[in-house]
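In: With the sequence up front, the predicted model follows.
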Amino acid sequence: MSEGSLAGKVAIVSAAGQGVGRGVAIALARAGARVVASGRTVAKCDAVVEEIVAIGGTSIAQECDVTVDGHIDRCVERALAEYGAIDILVNAADDQRLVRFMEITDEDMLANFRTGALGTVKFTQGVVPHMEARGGGVIVNVASGAGLLAMPGMGPYSAVKEAVRSLTRTAAVELGPLGIRVNVICPWAWAPSFDEWAEREPEEFRGALARTPLGRVGDPIDDVGEGVVFLCSDQSRYVTGTTLMLDGGNTYLR
């Protein structure tokens with residue numbers, strides 16, 4: 001693989017086994033980063049590592065459920081043991097549950113919060129000392145346009161994704177003096193859940209496509225992953241605390 005904009009960098013990607021996480025992991029590796037593909041299901045992460053190695057990249061898989069005590073620490077330790085540093089963190093883990101507002105339970109809210117918000121906080125806390133030792137780093141958090149659209153059945157998920165955007169702004173302000181940039185993306189890209197959505201609510205799915213100016217669902221690697229590569233590269237060295245909508249215009253940030 002030829003050297004890219006992230007050559008020599010070390011990245012950890014959570015929820016890297018599928019969907020956006022997979023796309024980001026592959027795009028980062030394609031840009032030259034050495035990638036720790038972490039997630040709850042190691043077999044899925046192993047498959048992503050195989051994809052990365054097949055294109056000439058460098059990657060390892062690591063089990064990491066962000067809600068389980070010790071998993072984040074072990075993931076950070078593995079990255080340091082294998083590659084000696086951490087320059088990039090992408091927090092992509094979430095717990096999406098489809099539930100109507102009047103049926104939301106404590107567990108629905110807490111499951112989303114533990115994975116999406118608290119997982120983001122803990123992983124960030126775990127890597128910051130090592131980024132500071134390197135003189136800086138980049139953190140990219142994954143939110144969603146669902147938090148802006150108020151979509152039926154997605155109350156807990158939407159609420160937590162907006163919390164992630166708020167946490168991102170606070171982290172950007174507090175970590176900026178350490179040379180650490182923190183941004184957030186709102187992607188709209190193909191994932192296994194899209195097949196279920198298209199089958200369950202075909203008219204709703206077609207409507208979502210119709211209101212998307214670019215007329216298609218994004219590719220996790222070439223559309224979303226490359227956006228993250230930009231945020232992690234020196235091309236965006238003066239960008240922090242902001243939301244980048246990687247959604248083909250599907251959602252308008254307000």
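Out: Received it, and whenever you're ready, just let me know what you need.

In: List the contacts of Val182.
Out: Neighbouring residues of Val182 by C-beta atoms under 8 Å, 6 or more residues apart in numbering: 124, 138-141, 168, 171-172, 175, 240-241. (C-beta placed from N, C-alpha, C; glycine too.)

In: Wait, a strand at it?
Out: Yes. Under DSSP: H, G, I helix; E, B strand; the rest coil, Val182 falls within a strand.

In: picking up where we left off before, could you dump the contacts of Val182 to a markdown table with secondary structure and distance to Val20?
Out: Output for the contacts of Val182, formatted as a markdown table (DSSP: H, G, I helix; E, B strand; the rest coil; distance: C-beta to C-beta, whole Å):
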| residue | secondary structure | distance to Val20 |
| --- | --- | --- |
| Thr124 | helix | 18 |
| Val138 | strand | 17 |
| Ile139 | strand | 15 |
| Val140 | strand | 11 |
| Asn141 | strand | 12 |
| Thr168 | helix | 16 |
| Ala171 | helix | 20 |
| Ala172 | helix | 21 |
| Leu175 | helix | 23 |
| Thr240 | coil | 21 |
| Gly241 | coil | 21 |
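
In: Out of those residues, which comes closest to Glu51?
Out: Nearest to Glu51 among these: Val140, at 20.1 Å, using C-beta to C-beta.

In: how about the strands in the stretch 101-250 of the chain?
Out: Secondary structure of the stretch 101-250 of the chain (DSSP state E, counting those that start in this stretch): strands at 137-142, 180-187, 243-246.

In: In JSON lines, list these along with distance to Val68 and mean pLDDT.
Out: Compiled in JSON lines, the strands of the stretch 101-250 of the chain are given as follows (distance: least, C-beta to C-beta, whole Å; pLDDT from 0 to 100):
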{"stretch": "strand 137-142", "distance to Val68": "20", "mean pLDDT": "98"}
{"stretch": "strand 180-187", "distance to Val68": "24", "mean pLDDT": "98"}
{"stretch": "strand 243-246", "distance to Val68": "29", "mean pLDDT": "97"}
